[in-house]
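[1] have a look; sequence and predicted model below, questions after that.
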Amino acid sequence: MSQILIVEDDTTFAQIIEGFLGKNNYALEIAVDLNQAFKLVDKQEFELLLIDYRLPDGTGLDLLKHVRDRGLTVPIIIMTSFNDVRTAVKSIQLGAFDYITKPINPDELLMVIKGLLEKKKTKNNEGKDFIKGKSAVADRLYEHIDLVAQTDMSVIIQGESGTGKEFAARTLHLQSKRKNKPFIAIDCGALSKDLAASELFGHVKGAFTGAVNDKKGQFEIANGGTLFLDEIGNLSYEVQIKLLRALQERIIQPLGSNKQTNVDVRIIVATNEDLNNGMKTGEFREDLYHRLNEFKIIIPPLRERGKDLELFIYHFVELANKELNRNVKEIEPDAKALLLKYDWPGNLRELRNVIKRMVLLSPSNLATLSGLPEEMTIAVDQIPISSSSDLKAINEVNEKNLIVETLNKVRHNKSKAAKLLNIDRKTLYSKMERYGID
Ligand SMILES: Nc1ncnc2c1ncn2[C@@H]1O[C@H](COP(=O)(O)OP(=O)(O)OP(=O)(O)O)[C@@H](O)[C@H]1O
């Protein structure tokens, strides 16, 4: 029986979930706040964590960071209200695997849990679930991928969370001459500071407390193939130095060992922010940036992909039909209009989740507006009508709202707010000034 921890202050809800998952052969442990959850994850092993975003003594992100800092790679699902989706997107950058929006439908939850636990077993097997899109931006994107795939250049893939950076990296690998060698993806956001070097370069027995055996690093495992480092901006300065050396000299040295090993690995990295900002604040090494930036691929957000949005909608409907054994063929015009109008801050990941839920809630082969979260309508209505064609103004309204919301959440602690928003404090101050936020 898989052991799952749910961290949720609404005990009635937690008990309902406990009963439901119990019937489906999952054992559930309940923690009602962060304090209890910290104690449980420190002493017990879980196969999955289900964490409410808003908790009495903090947010789910605090627990997420705690778990990742301890080097645990357990899958984590964040439960959030639809209004918090933008922040939930951030949780993915910090190493959560997925998020699910409230009100939670038990069948949907079960589906996400099963998906994650099964994905753990059968990693890297999702090629057929992907499509490229037919818009001009998609054509340009895949032209660039075709062009650089044949070379051995390092590549930076930049794009918002959920835009498909990992898929782009895999495609690049599969089109390269390294295609029959390993493609290893590492989420640097899910690596603790202490364990990152050992994960990448390996260690020998006794190199540090807890190193009970020799361990091969991912560089060695990927030898001959491609190493994909997702959320590269999260690597510590010390690991950045080691990475630069590995790239320049093509040599790695496991922690605690004198032996140097030659490696032939192509590096692709992904980032959701412009690494230039990290360089300005001194958090990202300039020399490493230039070594990585032999070619840059920018993945556009979903809201800028024009007619691809509709293509992706129907693609995800088909996938959900297969997964849920449904037969949704049509989408009611109102529902479709809303799907096309919404701005998708969580990009393809959010669209996939919303569509899956819509298919699940469709009683017949016609998907209706009632299958879409009510908050989507509210979010769309909040876009000021007078300037609805002015993209810059819309983005500014969204940005201002998000900053105000985040500041309220952290009781106006600017450092915390900047961290959550993934910008530096200086940028936060200048944006607050610009939008007249006290
Ligand atoms: N081309 C695609 N076709 C279909 N689905 C896609 C495609 N690209 C991405 N997705 C969906 O979006 C999800 C997120 O994709 P992916 O993990 O590649 O994004 P990402 O940009 O790397 O996200 P993050 O920045 O959060 O790591 C995938 O699990 C998949 O369901």
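    Right, received. Where do you want to start?
[2] please count neighbours and contacts with C-alpha atoms only from this point.
    Fine.
[3] and the residue of the stretch 1-150 of the chain found nearest the ligand, what pLDDT?
    Nearest residue of the stretch 1-150 of the chain to the ligand, counting by Cα to the nearest ligand atom: residue 130, 3.4 Å away. Note on residue 130: pLDDT of 87.
[4] how about it: what's its closest non-neighbour residue?
    residue 167 (7.9 Å; Cα to Cα, 6 or more residues apart in numbering).
[5] which parts of the stretch 251-400 of the chain sit against the ligand?
    Within the stretch 251-400 of the chain, the positions adjacent to the ligand are 272, 348-349 by Cα under 6 Å from any ligand atom.
[6] try it again at 5 Å.
    348-349 (Cα under 5 Å from any ligand atom).
[7] ok, which stretches of the stretch 251-400 of the chain are helices?
    With DSSP state H, counting those that start in this stretch as the criterion, the stretch 251-400 of the chain has helices at 275-280, 286-292, 308-324, 333-341, 347-360, 374-382, 391-409.
[8] and these, which is most packed in?
    Among these, helix 347-360 has the highest mean neighbour count (mean count of other Cα atoms under 10 Å), at a mean of 22.
[9] and the angle from that helix to helix 308-324?
    On the basis of axes from the mean of the first three to the mean of the last three Cα atoms, to 10 degrees, helix 347-360 is oriented at 50 degrees to helix 308-324.
[10] can you show me the CA trace of helix 347-360 as CSV?
    Provided in CSV are the C-alpha atoms of helix 347-360 (Å, rounded to 0.1, in the frame of the first residue of the first chain):
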residue,chain,number,x,y,z
ASN,A,347,0.8,27.5,-19.9
LEU,A,348,0.5,23.9,-21.3
ARG,A,349,0.6,22.3,-17.9
GLU,A,350,-2.4,24.4,-16.7
LEU,A,351,-4.3,23.8,-19.9
ARG,A,352,-3.8,20.1,-19.7
ASN,A,353,-5.0,20.1,-16.1
VAL,A,354,-8.1,22.2,-16.8
ILE,A,355,-9.0,20.1,-19.8
LYS,A,356,-8.6,16.9,-17.9
ARG,A,357,-11.0,18.2,-15.3
MET,A,358,-13.4,19.4,-17.9
VAL,A,359,-13.5,16.0,-19.6
LEU,A,360,-13.9,14.3,-16.2
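[11] so which elements touch that helix?
    Counting contacts by 3 or more Cα pairs under 8 Å, 6 or more residues apart in numbering; DSSP states H and E, helix 347-360 packs against helix 308-324.
[12] how far off centre is the helix it packs on?
    Averaged C-alpha coordinates place helix 308-324 at 20 Å from its chain's average position (Cα atoms, centre = their mean, to the nearest Å).
[13] what's in contact with that helix?
    The contact list for helix 308-324 (Cα atoms under 8 Å, 6 or more residues apart in numbering) reads 129, 131, 133-135, 302-303, 326-328, 340, 348, 351-352, 355-356, 359-360.
[14] now the angle from that helix to helix 333-341?
    For helix 308-324 against helix 333-341, the angle by the same axes, to 10 degrees is 120 degrees.
[15] thinking again about what came up before, distance of the residue of the stretch 1-150 of the chain closest to the ligand relative to residue 160?
    From residue 130 over to residue 160 the distance is 18 Å, taken as Cα to Cα, to the nearest Å.
[16] among these two, which residue is more densely surrounded?
    Comparing residue 130 with residue 160 by other Cα atoms under 10 Å, the one with more neighbours is residue 160, at 21 against 13.
[17] measure that one to residue 346 for me?
    As judged by Cα to Cα, residue 160 and residue 346 stand 8 Å apart.
[18] list the contacts of residue 194.
    By Cα under 8 Å, 6+ apart, the contact list for residue 194 reads 69, 71.
[19] please redo it, this time with the cut-off set to 6 Å
    Residues near residue 194 by Cα atoms under 6 Å, 6 or more residues apart in numbering: none.
[20] before we move on, what about residue 363?
    Residue 363 neighbours (Cα under 6 Å, 6+ apart): none.
[21] where does it fall, phi/psi-wise?
    The phi and psi values for residue 363, taken as degrees, to the nearest 10, are phi -70, psi -30.
[22] and if you look at the one 10 residues further on?
    Phi and psi for residue 373, reported as degrees, to the nearest 10, are phi -60, psi 140.
[23] count of neighbours near the closest residue to it other than its chain neighbours?
    Spatially, and ignoring its direct neighbours in sequence, residue 373 is nearest to residue 82 (7.3 Å; Cα to Cα, 6+ apart). Counted with other Cα under 10 Å, the neighbours of residue 82 add up to 18.
[24] one more: the one 3 residues further on?
    One way to gauge burial is a neighbour count; for residue 85, by other Cα under 10 Å, it gives 19.
[25] for the protein, which spans come out with low pLDDT?
    Across the chain, the ranges flagged by pLDDT under 70 are 1, 83, 87, 93-96, 119-128, 382-390, 392-393, 436.
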